[in-house]
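Peer 1: when you get a sec, could you give me coordinates for this:
(2 chains)
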Amino acid sequence: MNHLVIAPILFPLFAATLLLLVRRVIPLRVRRRLNLVALIVQVLLVSLLVQRVAGGEILVYALGNWPAPYGIVMVADRLSVWMLLITSLLAFFAMLYAVRGTDAGSRHFHPLFQLQIFGLSGAFLTGDLFNLFVFFEILLLASYGLLLHRGGANRVRAGLHFVALNLAGSTLFLFAVGTLYAILGTLNMADLAVKAAATPPENLGVVRAAGLLLFTVFALKAALIPLYLWLPAAYSSTSAPVAALFAIMTKVGAYSILRVYTLIFGAEAGPVADLIGPWLLPLALATMAVGTLGVLAAHELRRQVAYLVVVSVGFLLTAFALGTEASIGAGLYYLAHSTFAAAAFFLLADIIAMGRGTLADRLDPGPIITDANLVGALFFVTAILVAGLPPLSGFVGKYMVLNAAVDLPSMPWVFGVILTAGLFGVIALARSGSLLFYRAEGVIERTGAAGRSAIGPNWGRLLPVIGLLLMCVTLVVLAGPLSDYTRAIGQQLLEPSAYIRAVLGDPRNA
Amino acid sequence: MEALIAVIIGVLTACGVYLALRARTFPVVIGLTLLSYAVNLFLFVTGRLTVGQPAVISDQAVGYADPLPQALVLTAIVISFGMTAFIIMLSLKARAELGTDQVDGRLDAGDGGDIPGEKRG
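Peer 2: Numbering: from 1, shown residues only, chains lettered A, B, ... in the order given. Reported below is the predicted structural model:
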């Protein structure tokens, strides 16, 4: 048994505990460094894990050495470590931004940040449906704390909605899990896959209902239409590094959909095969369309970015819904891109908002911000990335998804919605960019004495943005090997028998 | 017994959903609490209803109650208590910050506001 599998879960927990214990005795400066070092160690741990599973091996860690269907297992396959790698890199850059001042004002920011990583890693690695629920709750509870960090009326209002919705979601999750356990008698995902495929006809309806209930929960986390309404307010009112970290949170929902509906309700699941097939594609396309309208209508830059996250979720799930090896691979490549790009955009929007005093990130003409050339250039690059124009990774991801859709019957819809959404995205971002950077002159200085004075960007703040953009550039430079890897993930997902064999052992499923 | 449990879960869920859809934070919190009670009961009975049978190994036992739902429901209870405590604190904070206990934080036109100290019907 390889202890490396559980290391990315235990290490953030350890770091969080340490940061919680030392929060009163060690000055903030040292705690910041401790947290950054912990995040670097996390990246290294995950990189080691990536090397181990890249060849297609599925590592299984049985807690307390209890064998699979009875004990709890952690499973690291290509998909899990891909998500872990994205999470740990994103967390590092978000923290790099947060240590420039956002983290002050509460002793618990650093421990909560690590607990969030703990919950995310657990959710990606667990091989057990109930533990998925537990890790969801851990990451949600940490996210509530982070979301409300430093308070304010808007943040509290958005936070209340976020918490209430997620509590309702948790209840649905438990109902779904309970139903599956009552009918199939197991919660281990591999074992569920075996049992679901052998569901007797009289129980089919209940298992289907539980599966769809589970889909509702994941759709809520992923912000799929019509359950996306909490996202724009929550993401645009919270502090920038937290919003950046939250860029991965919707992807947890997308990950869960991909995992559960390829493994348990996948093509090989007999009577419950392809359970959400008819639902996912229309919903994903509708999410893209509605998200695009939000992008066009937004009055504030951060809200616009939040709607861009909704669009990217729609895009991602469109790719997953097409359900071929190539489309899932393309979707996972796009997942990495959209996470880094959205995070960079949230941080950049914060820099721009700080540079405009009382106007903040409202999309009105205002005074020229300091270092407009540099910030404007970064805005330009980020906008190209997010809108999916060549030559950056957004374009590569989009091209790969479209390429995967060419031969499918749903091709006209997929092409139509994706290309139209892309066009409107470009229009909206061009408008925001020109409002923020070109139409700046000739406006009377309205930053009165009562208002916040503008703070210019500094390298400490710009560095994480540039780092995240470099991640996207790396995605383009290494597009060949990385897309081969994500395609291999797709291949592994569409052959769930290997996963089941790895978890349950050979003799039961030979 | 099955019918009774089913009715209890159903009534709790129905009341929970109704209250969770109300406009003020207090009923919403109560509604979410009722929903979590319903789901805890539901989880508890997913292992089927058995009377007087041990959950752990015993020499005299003729059969066993399913121990797993009990473990699940313990976890779920702890989590739902924590979450309920959190949302109560958050509602109080929202009441203080927004000056109203409307869930969306806005005063209704005919509401007459929700001024602190004012008596509410």
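
Peer 1: can you give me the helices in the stretch 51-200 of chain A?
Peer 2: Taking DSSP state H, counting those that start in this stretch, the helices of the stretch 51-200 of chain A run over residues A:78-98, A:109-125, A:129-147, A:153-184, A:189-197.

Peer 1: ok, which of the ones you listed comes nearest residue B:14?
Peer 2: Residue B:14 lies closest to helix A:153-184 among the helices of the stretch 51-200 of chain A, at 13.2 Å (C-beta to C-beta). (Glycine included, C-beta is placed from N, CA and C.)

Peer 1: coming back round to it: looking at the helices of the stretch 51-200 of chain A, which is nearest to residue A:392?
Peer 2: helix A:78-98 (17.1 Å).

Peer 1: got the phi and psi for the residue in the stretch 201-350 of chain A positioned nearest to chain B?
Peer 2: Relative to chain B, the nearest point of the stretch 201-350 of chain A is residue A:233 (10.1 Å; C-beta to the nearest C-beta). Per-residue torsions, residue A:233: phi -70, psi -50 (degrees, to the nearest 10).

Peer 1: pull the contacting residues for it.
Peer 2: Residue A:233 makes contacts with A:154, A:157, A:158, A:161, A:306, as judged by C-beta atoms under 8 Å, 6 or more residues apart in numbering or on different chains.

Peer 1: ok, the residue nearest to the spatial centre of chain B to chain A distance?
Peer 2: For chain B, residue B:33 is the residue whose C-alpha lies nearest the centre (C-alpha atoms, centre = their mean; 2.3 Å). Computed as C-beta to the nearest C-beta, to the nearest Å, the residue B:33 to chain A distance reads 9 Å.

Peer 1: per-residue confidence at that residue?
Peer 2: Per-residue pLDDT puts residue B:33 at 94.

Peer 1: now residue 84: closest residue in space, sequence neighbours ignored.
Peer 2: Went with chain A since none was named. Distance criterion C-beta to C-beta, 6 or more residues apart in numbering or on different chains; nearest residue to residue A:84, sequence neighbours excluded, is residue A:46 at 4.7 Å.

Peer 1: um, chain B though
Peer 2: Closest to residue B:84 by C-beta to C-beta, 6+ apart is residue B:33, at 5.4 Å.

Peer 1: with residue A:417 instead?
Peer 2: In space, residue A:417 is closest to residue A:285, 4.6 Å off (C-beta to C-beta, 6+ apart).

Peer 1: the one you found: helix or strand, and which one exactly?
Peer 2: helix A:277-297 (DSSP states H and E).

Peer 1: what helices or strands is that helix leaning on?
Peer 2: helix A:204-222, helix A:301-322, helix A:411-433 (3 or more C-beta pairs under 8 Å, 6 or more residues apart in numbering or on different chains; DSSP states H and E).

Peer 1: what is the shortest one packed up against?
Peer 2: Packed against helix A:204-222, as judged by 3+ C-beta pairs under 8 Å, 6+ apart, are the following elements: helix A:153-184, helix A:249-263, helix A:277-297.

Peer 1: format the ones you listed as TSV; extra columns: mean neighbour count.
Peer 2: Conversion of those to TSV gives the following (neighbours: other C-beta atoms under 10 Å in any protein chain shown):
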stretch	mean neighbour count
helix A:153-184	22
helix A:249-263	24
helix A:277-297	19
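
Peer 1: for residue B:66, find the nearest of those helices.
Peer 2: helix A:153-184 (9.1 Å).

Peer 1: the closest one near chain B at all?
Peer 2: Yes: residues of helix A:153-184 contacting chain B under C-beta under 8 Å from any C-beta of the partner chain: A:153, A:156-157, A:159-161, A:163-164, A:167-168, A:170-171, A:174-175, A:177-179, A:181-182.

Peer 1: tell me the residues of chain B that contact chain A?
Peer 2: B:16, B:20, B:25, B:28, B:32, B:35-36, B:38-40, B:42-43, B:46-48, B:68-69, B:72, B:75-76, B:79-80, B:82-84, B:86-87, B:90-91, B:93-94, B:97-98, B:103-105.

Peer 1: returning to that earlier point: mind putting the helices of the stretch 51-200 of chain A in TSV, mean pLDDT included?
Peer 2: As requested, the helices of the stretch 51-200 of chain A are exported to TSV (pLDDT from 0 to 100):
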stretch	mean pLDDT
helix A:78-98	94
helix A:109-125	94
helix A:129-147	93
helix A:153-184	92
helix A:189-197	90
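
Peer 1: residue A:439 is nearest to which of those?
Peer 2: helix A:153-184 (26.5 Å).

Peer 1: any idea how far that closest one is from the chain center?
Peer 2: 18 Å (C-alpha atoms, centre = their mean, to the nearest Å).

Peer 1: could you point out which residue ranges in chain A have low pLDDT?
Peer 2: For chain A, the stretches flagged by pLDDT under 70 are A:1, A:440-454, A:506-510.

Peer 1: hmm, try it at 80
Peer 2: A:1, A:68, A:105, A:268-269, A:357-360, A:366-368, A:370, A:439-457, A:505-510 (pLDDT under 80).

Peer 1: near chain B, which residues of it show up?
Peer 2: So chain A meets chain B at A:130, A:134, A:137, A:141, A:144, A:148, A:151-153, A:156-157, A:159-161, A:163-164, A:167-168, A:170-171, A:174-175, A:177-179, A:181-182, A:187 (C-beta under 8 Å from any C-beta).

Peer 1: returning to what we had before: and the residue nearest to residue A:84, what does it touch?
Peer 2: A:8, A:81, A:84, A:85, A:88.
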